[in-house]
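[1] return atomic coordinates for the entry below.
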Amino acid sequence: MKKWKITGCLILAVALLCTAGEPRVCATNMSEITSESIREMESQIDNAQSERDQLKNSLSDIKKLVQQLEQEKKDLKGYVAKLDENMALIEQKIADFKMQIANKEADIEEAQRQLEHALEVEANQYETMSSRIKFSYERGENYLLEMLMGSTSFADFLNRSYYMEQVADFDNQMLESFIQTREYVELCKAQLEQDKAFLDEAKEGVENEQAALEELMKQKQQELNAYDQRISSGEQSIEEYEADLKAQNELISALEKAVEDEKKRILASSGKVLTYDGGTFKFPLASYTRVSDDYGMRMHPTLFVQQFHNGVDFASPKGTAIYAAYDGIVVAADYSSTMGNYVMIDHGGGLYTIYMHASKLYVKKDDVVARGNTIAAVGSTGRSTGNHLHFSVRLDGEYVSPWNYISP
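    Down below sits the predicted model:
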């Protein structure tokens, strides 16, 4: 009989804890938001502010960059190389910003989910507390006293007293949990606002860096045009301009000689050597637009002298994939102030292809490439004022027309 009375009191206590009437989820089962959760959210908010500060500090100072580059203009090669280096850094910043934007968009989705969950917990806790208060109000102030006075024995009285204390403790816990949830909701909102602010600033950062990139490109174009004008006006000799091209050719010839020497060494030891089999080249660009400057003799647009153009210039948007025209071995993947980022491929039989002015290189020296492999991306590095691929073909140490190997 005593066991039945205690069980009856347990049923009564559970009814009080979970509120009378229709069944509900107890607040203790919803108490997923803790002091630790709040501390973690506060730490995330601090980190978010730190991220925003770092983002602002990482923005390029275009005025400072231009001032620094002014000192390099006396040496065109050094100026172009330094400018290309700065442009590459800015392009990397843009790529980093875009990655941060993608990550932050994912963070915002998670912050929104956390906020929605916290609001749901808050609503459930509020409903549970309201039902509990309503239950107590309807029972009246004397309800608990009547419940004690209705004890059938001293043991029953102690049981009822104990569970009344449990109910009071639960009410306090439920209130504390609700207060914590309210605090967590506000922190979730603050975190979401921080994430959105970072996203807006990162997008603005991309715009600022893009503007800085365009300004440097404009500076480069102006200086290269001014250099050509100084030559055409007699302030500098055409021989100086041609000396740069001669240096470029000497570099390529030196690379070819080194390759041929290596081939002789390999041939002497193993008898195996790369040989071009006469196959048709793949067109070297993923998206061909137009020929901006063809192979052969041409009138230089600013020097007004007949000059040999040793390749074909294909105008194409920045970042367009550049393909290996044929199977071969990468002889060089490097930078020079005239060719910019360039790749040179040995196809065997004294045949080489050269790809100039790339924005990015995806291969390195001694890589083996197959026809159609992506080796670089279109850009405007080196002696260039617009995005294009300068594609050259050399046979037995001389430039030959690329149209002998490809068709438009």
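[2] tell me where the stretch 101-250 of the chain has helices.
    143-149, 154-232, 238-269 (DSSP state H, counting those that start in this stretch).
[3] worst mean pLDDT among those?
    Within those, confidence is poorest for helix 143-149, with a mean of 63 (mean pLDDT).
[4] just the CA trace of stretch 314-329, in CSV.
    Taking only C-alpha atoms (Å, rounded to 0.1, in the frame of the first residue of the first chain), the coordinates of stretch 314-329 have been written out as CSV:
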residue,chain,number,x,y,z
PHE,A,314,45.2,35.0,-80.1
ALA,A,315,43.0,37.5,-78.2
SER,A,316,41.1,35.6,-75.5
PRO,A,317,39.6,36.4,-72.0
LYS,A,318,41.8,36.2,-69.0
GLY,A,319,41.9,32.8,-67.4
THR,A,320,41.1,30.9,-70.7
ALA,A,321,42.7,27.5,-70.6
ILE,A,322,45.9,27.1,-72.7
TYR,A,323,46.5,23.6,-74.1
ALA,A,324,49.7,21.8,-75.0
ALA,A,325,49.5,21.6,-78.8
TYR,A,326,51.1,18.2,-78.9
ASP,A,327,52.8,15.5,-76.7
GLY,A,328,56.1,16.6,-75.3
ILE,A,329,58.3,17.5,-72.4
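[5] buried stuff in that stretch?
    By 16 or more other CB atoms under 10 Å, the buried positions in stretch 314-329 come out as 314-316, 318, 320-329. Backbone N, C-alpha and C define where each C-beta goes, glycine included.
[6] kindly report the same for stretch 276-291.
    Along stretch 276-291, these residues count as buried under the neighbour rule (16+ other CB under 10 Å): 276, 281-286.
[7] can you tell me what sits against it?
    By CB atoms under 8 Å, 6 or more residues apart in numbering, the residues outside stretch 276-291 that reach it are 312-317, 320-326, 347-349, 351, 353, 355, 371-372, 374, 378, 389, 391, 402, 405-408.
[8] now the end-to-end length of it.
    Here the two ends of stretch 276-291 are set 27 Å apart, with distance taken as CA to CA, to the nearest Å.
[9] where does the stretch 1-150 of the chain dip in pLDDT?
    1-32, 34, 59-74, 135-150 (pLDDT under 70).
[10] nearest residue to the middle of this protein?
    Compute the mean C-alpha point of the chain, and by CA atoms, centre = their mean the closest residue is Met99, 2.3 Å away.
[11] and it, helix, strand or coil?
    For Met99, the secondary structure call by DSSP: H, G, I helix; E, B strand; the rest coil comes out as helix.
[12] what's the answer for His390, then?
    Using three-state DSSP as the criterion, the local structure at His390 reads strand.
[13] per-residue confidence at Asp313?
    The per-residue pLDDT reported for Asp313 equals 93.
[14] which residue is the nearest non-sequential neighbour of it?
    By the measure of CB to CB, 6 or more residues apart in numbering, the closest residue to Asp313 outside its immediate chain neighbours is Asp293, 3.9 Å from it.
[15] does that neighbour touch Asn310 like I think?
    No: the pair Asp293 and Asn310 does not pass the contact test of CB atoms under 8 Å, sitting 10.6 Å apart.
[16] more crowded one of these two?
    Taking Asp293 and Asn310 together and counting by other CB atoms under 10 Å, Asn310 has the greater number of neighbours (21 against 15).
[17] please report how far that one lies from Trp403.
    When distances are taken as CB to CB, to the nearest Å, Asn310 and Trp403 turn out to be 13 Å apart.
[18] try Ser58
    In this structure, Ser58 lies at 46 Å from Trp403, with CB to CB as the measure.
[19] could you do Gly349 as well?
    As judged by CB to CB, Gly349 and Trp403 stand 19 Å apart.
[20] repeat for Gln222
    Using CB to CB, one gets 33 Å for the distance from Gln222 to Trp403.
[21] between those two, tell me which one has more neighbours.
    Applying other CB under 10 Å to Gln222 and Trp403 shows that Trp403 carries more neighbours, namely 14 against 11.
[22] who's in contact with the closest residue to Asn310 other than its chain neighbours?
    With sequence-adjacent residues excluded and distances taken as CB to CB, 6+ apart, Asn310 is closest to Tyr399, at 4.2 Å. Residues in contact with Tyr399, defined by CB under 8 Å, 6+ apart, are 295, 308, 310-311, 392-393.
[23] of the buried residues of stretch 314-329, which is the nearest to Ser177?
    Each of these was checked against Ser177 using CB to CB; the closest is Lys318, at 56.3 Å.
[24] now do the SS call for that closest one.
    Using three-state DSSP, the structure places Lys318 in coil.
[25] wait, it sits on Thr381?
    No: using CB under 8 Å, Lys318 is not in contact with Thr381; the gap is 10.5 Å.
[26] need the overlap of contacts for the two.
    When contacts are counted by CB under 8 Å, 6+ apart, Lys318 and Thr381 have Ser359 as shared neighbours.
[27] Gly278: what secondary structure?
    Secondary structure, three-state DSSP: Gly278 is coil.
[28] quick check: neighbours shared by Asn310 and Trp403?
    By the contact definition CB under 8 Å, 6+ apart, Asn310 and Trp403 are jointly contacted by Tyr295.
[29] in the stretch 301-408 of the chain, which ranges drop under the pLDDT threshold?
    Judged by pLDDT under 70, the stretch 301-408 of the chain has its weakly predicted residues at 301-305, 408.
[30] wait, Pro317 touches Val378, no?
    Yes: counting by CB under 8 Å, Pro317 does reach Val378; the two are 6.7 Å apart.
[31] could you name every residue contacting both of those two?
    By the contact definition CB under 8 Å, 6+ apart, Pro317 and Val378 are jointly contacted by Asn387.
[32] just the angle between whichever strand or helix holds Lys82 and helix 154-232, please?
    Taking DSSP states H and E as the definition, Lys82 sits inside helix 76-139. Using axes from the mean of the first three to the mean of the last three CA atoms, to 10 degrees, the direction of helix 76-139 lies 160 degrees away from that of helix 154-232.
[33] residue numbering should commence at 69 henceforth.
    Okay, using 69 as the starting number, the last item reads as helix 144-207.
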